[in-house]
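Asker: The amino acid sequence is not available; the structure is as follows:
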């Protein structure tokens, strides 16, 4: 099985304005990662060569910001790295760079005086360890090669403004950086003799992170350099390895080739199994989706499985994880992981509510969502459809019933079934939940359209499982009938579905009423919904969150935090909505050619334009349709992969 390759050519990597906008990320099992741009110039506080956590995925930290390299050729020093400071870009190593590859590991290729230097970064999937491999070609005369580690130790959400008291311990062929809390970083040159750290301690001041500046966030910090590793490269020197481990014993950092082989083998196995199971053609764009999905499938500190909602800054979000679940897990044959994730969220159920957000540091669990609990029941059904495992359903059946009973009787956040059978709820509880100055941009309180569609879908699923459990199912069945009548009477405006009662804004949320397994609409209305969503909201990159002719429409997600939040759900395109639209289209038209026409073309373009090899969080609602937000978003990847494989009834 060939691994997929994305190649960025010399013209692009030497164009600073283009290259700095192309990012990559490789991850490990715990949500730790290595990430930067194709020229190695960090543009975000979230970038780092080694980002890890003591209690994954909580409290992720930037441990090693980057490695800077230089070549000393006779009396000439050539710096290969590229850094942006507040007043200058220095060094300008990108001018020597001739190529970048994601293969699927990031590889930087430089050419200096005819000498080719390749730098490739590998993660160790099961440990917080990075292997950096340097390869040398066409070396005619010996030269000195130096590597400067830039150390940090702070949350991915903060920046280092003052000096940190690091303790430096030299070990055989390695250096150990001990942090104030006694955690440590080891950098080891492995099998080479000439690789002890040369002391040259200093702080590099005023790194400037452009992407953070554009987002109106704090964007300047300092990094610590303890010195440099020095190697002499001869014409028979083929490669060098630098091993980097966070709180990993030195003895586990001595086999770089083995780690590289294991990780290449793991990815090949993952892809081989996928294509053998699915019996579909081996195409690179599909391979990238499979690998991207794998990067969001993580193991928590308690050894339970979970999903990272988005890299770099999102953690475990209930809504996102549940929407992503089918594609991230089921489409990849990870049925045990899907069950484990659902059981984990079931364990957090409180007052009939599944968490909206699990903590990223130490804050309390957030339950402020009206749809997450209903999505939980739907995802139990998706697992059952694939596995036919009724025993698993029985394990979470009590929680499912608690959810329905709580919605009927009333629970937190004003969530309660009304006399008409529909669910009433407070503002800011749907996926369009941005809040500015204590006011929701899209409050959608009262009765939102997708909540009613999910509620009907929930009741039909409960009816089905109650019958299988030999329990009374008629209450669910009768209530579903009442919900269907009320919904059609109150939401259908003659052409499409109102977004909320009293709000006829044309939004994509109505597609839930078609795309779910149990549709609350008849065939004629389903067709009309799909038709108007296609005409007014569909783009080549996903669905717009608001029709362009609406006066509230904002086509660009840019500017200050406030300006971006005002656009977030007011016209911005969301790729994850492709999933619901494609299912809905096929349900009413029966034509699967839309997958090639829309999904394939989108993915092939998207994996090349922002987060390489993955799917971004959002796209501008107007031309030129720039990808924005997180560079890799789980529910976009999951929904696209799921509808690609037609995991629908």
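Answerer: In hand now; what should we look at? Please read these numbers as outputs of a predicted model, since none were measured by experiment. Residues are numbered from 1 along each chain as shown.

Asker: Which elements pack onto the lowest-mean-pLDDT helix or strand in the chain?
Answerer: For the chain, counting by mean pLDDT, DSSP states H and E, helix 594 ranks last in confidence among helices and strands (a mean of 82). Helix 594 makes packing contacts with helix 577-589 when contacts are defined by 3 or more Cβ pairs under 8 Å, 6 or more residues apart in numbering; DSSP states H and E. Using the backbone N, CA and C atoms, a C-beta is placed for each residue, glycine as well.

Asker: For beta bridges, what are the partners of the residue nearest to residue 300 when sequence neighbours are not counted?
Answerer: Distances taken as Cβ to Cβ, 6 or more residues apart in numbering put residue 306 closest to residue 300, at 5.0 Å, once the chain neighbours are dropped. In this structure, residue 306 bridges to residue 298 when assessed by DSSP bridges.

Asker: any idea how far residue 340 is from residue 306?
Answerer: Applying Cβ to Cβ, to the nearest Å, the value for residue 306 to residue 340 is 8 Å.

Asker: Kindly report the same for residue 238.
Answerer: For residue 238, the distance to residue 340 - Cβ to Cβ - is 43 Å.

Asker: So between these two, which is more surrounded?
Answerer: Neighbour totals were compared for residue 238 and residue 340, and residue 340 leads with 18 against 11 (other Cβ atoms under 10 Å).

Asker: so that one makes contact with residue 302?
Answerer: No: with contact defined as Cβ atoms under 8 Å, residue 340 does not count as touching residue 302 (10.9 Å).

Asker: Domain ranges for this protein, per the record?
Answerer: Listed by automatic domain parsing, the domain ranges of the chain are 6-249, 537-649.

Asker: Please work out which of these is packed deepest.
Answerer: domain 537-649 (a mean of 21; mean count of other Cβ atoms under 10 Å).

Asker: Residue ranges in the stretch 251-400 of the chain under the pLDDT threshold?
Answerer: 360-363 (pLDDT under 70).

Asker: if you set the cut-off to 80 instead, what comes out?
Answerer: 254, 360-363 (pLDDT under 80).

Asker: mind listing the helices for it?
Answerer: Applying DSSP state H, counting those that start in this stretch to the stretch 251-400 of the chain gives helices spanning 256-278, 284-296, 318-328, 335-347, 372-387, 390-409.

Asker: Check which residues of the first one are buried.
Answerer: Applying a neighbour-count criterion of 16 or more other Cβ atoms under 10 Å, the buried positions in helix 256-278 are 256, 259, 260, 263, 267, 270, 271, 274, 275.

Asker: now the last one: how far from residue 544?
Answerer: Residue 275 sits 34 Å away from residue 544 when distances are taken as Cβ to Cβ.

Asker: try the fifth one
Answerer: Here residue 267 is placed at a distance of 35 Å from residue 544 (Cβ to Cβ).

Asker: same check, this time on the second one
Answerer: Distance of residue 259 to residue 544, computed by Cβ to Cβ: 44 Å.

Asker: still on that earlier bit, pipe the domains of the chain into a markdown table and attach distance to residue 369 per row.
Answerer: Shown next, in a markdown table, are the domains of the chain (distance: least, Cβ to Cβ, whole Å):
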| stretch | distance to residue 369 |
| --- | --- |
| domain 6-249 | 20 |
| domain 537-649 | 14 |
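
Asker: Those: which one's closest to residue 515?
Answerer: Closest approach to residue 515 among the domains of the chain is made by domain 537-649 (3.8 Å; Cβ to Cβ).

Asker: now the strands for the stretch 151-300 of the chain?
Answerer: For the stretch 151-300 of the chain, strands defined by DSSP state E, counting those that start in this stretch occupy the ranges 167-171, 174-178, 184-188, 197-208, 220-233, 239-246, 297-299.

Asker: residues contacting residue 121?
Answerer: 26, 34, 49, 105, 106, 107, 130, 131, 132, 133 (Cβ atoms under 8 Å, 6 or more residues apart in numbering).

Asker: Same question for residue 160.
Answerer: 152, 153, 154, 221, 222, 223.

Asker: again, 7 Å this time
Answerer: Residues in contact with residue 160, defined by Cβ atoms under 7 Å, 6 or more residues apart in numbering, are 152, 154, 221, 222.

Asker: chain center to the least confident helix or strand of the chain: distance?
Answerer: Relative to its parent chain, helix 594 has a centroid offset of 25 Å by Cα atoms, centre = their mean, to the nearest Å.

Asker: go on, stretch 40-55?
Answerer: 14 Å.

Asker: Over to stretch 626-634?
Answerer: For stretch 626-634, the distance to the chain centre is 8 Å (Cα atoms, centre = their mean).

Asker: now swap in stretch 269-287 and tell me
Answerer: Counting by Cα atoms, centre = their mean, stretch 269-287 is centred 21 Å from the centre of its parent chain.

Asker: Over to stretch 136-149?
Answerer: The answer for stretch 136-149 is 36 Å, by Cα atoms, centre = their mean.

Asker: Now do that stretch: everything it contacts.
Answerer: 64, 67-73, 114-117, 187, 225-226, 228-235, 237-239, 242.

Asker: Out of the buried residues of helix 256-278, which is nearest to residue 504?
Answerer: For the buried residues of helix 256-278, the nearest to residue 504 is residue 274 (43.1 Å; Cβ to Cβ).

Asker: Can you give me the end-to-end span of stretch 83-99?
Answerer: 18 Å (Cα to Cα, to the nearest Å).

Asker: what does stretch 80-87 contact?
Answerer: Here stretch 80-87 has contacts from 39-41, 68-71, 89-94, 96, 110, 117, 206-208, 210, 220, using Cβ under 7 Å, 6+ apart.

Asker: Now it: average pLDDT?
Answerer: Average pLDDT, stretch 80-87: 97.

Asker: gap between the two ends of it?
Answerer: OK, stretch 80-87 end separation, Cα to Cα: 19 Å.

Asker: how distant is it from the center of its chain?
Answerer: On Cα atoms, centre = their mean, the centre of stretch 80-87 falls 27 Å from that of its chain.

Asker: go on, stretch 392-405?
Answerer: With Cα atoms, centre = their mean, you get 29 Å for stretch 392-405.

Asker: now do stretch 516-536
Answerer: 29 Å.

Asker: Name all residues that make contact with residue 224.
Answerer: Contacts of residue 224 (Cβ under 7 Å, 6+ apart): 151, 152, 164, 166, 203.

Asker: Given the helix or strand containing residue 77, what are its sheet partners and their directions?
Answerer: Using DSSP states H and E, residue 77 sits within strand 76-79. Under the criterion DSSP bridges, strand 76-79 sits next to strand 61-73 (antiparallel) in its sheet.

Asker: Helices of the stretch 401-550 of the chain, residue ranges please.
Answerer: 449-468, 474-491, 512-515, 523-536.

Asker: how about TSV for those, with mean neighbour count added?
Answerer: Converted to TSV, these look like this (neighbours: other Cβ atoms under 10 Å):
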stretch	mean neighbour count
helix 449-468	23
helix 474-491	17
helix 512-515	26
helix 523-536	17
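
Asker: quick one, which of these is nearest to residue 578?
Answerer: It's helix 512-515; of these, that one is closest to residue 578 (Cβ to Cβ) at 10.6 Å.

Asker: ok now the closest one, how far from the chain's centre?
Answerer: Using Cα atoms, centre = their mean, the offset of helix 512-515 from its chain centre is 25 Å.

Asker: what does stretch 415-430 give?
Answerer: 30 Å.

Asker: and that stretch, what's its mean pLDDT?
Answerer: Mean predicted confidence for stretch 415-430 is 98.

Asker: for the stretch 451-600 of the chain, which spans come out with low pLDDT?
Answerer: 591-592.

Asker: what's near enough to touch residue 393?
Answerer: 380, 384, 465.

Asker: actually residue 7, sorry about that
Answerer: 99, 101.

Asker: May I have the strands that pair with the host helix or strand of it, each with its orientation?
Answerer: Using DSSP H and E, residue 7 sits in strand 6-8. In the sheet containing strand 6-8, its partner strands are strand 97-102 (antiparallel), by DSSP bridges.
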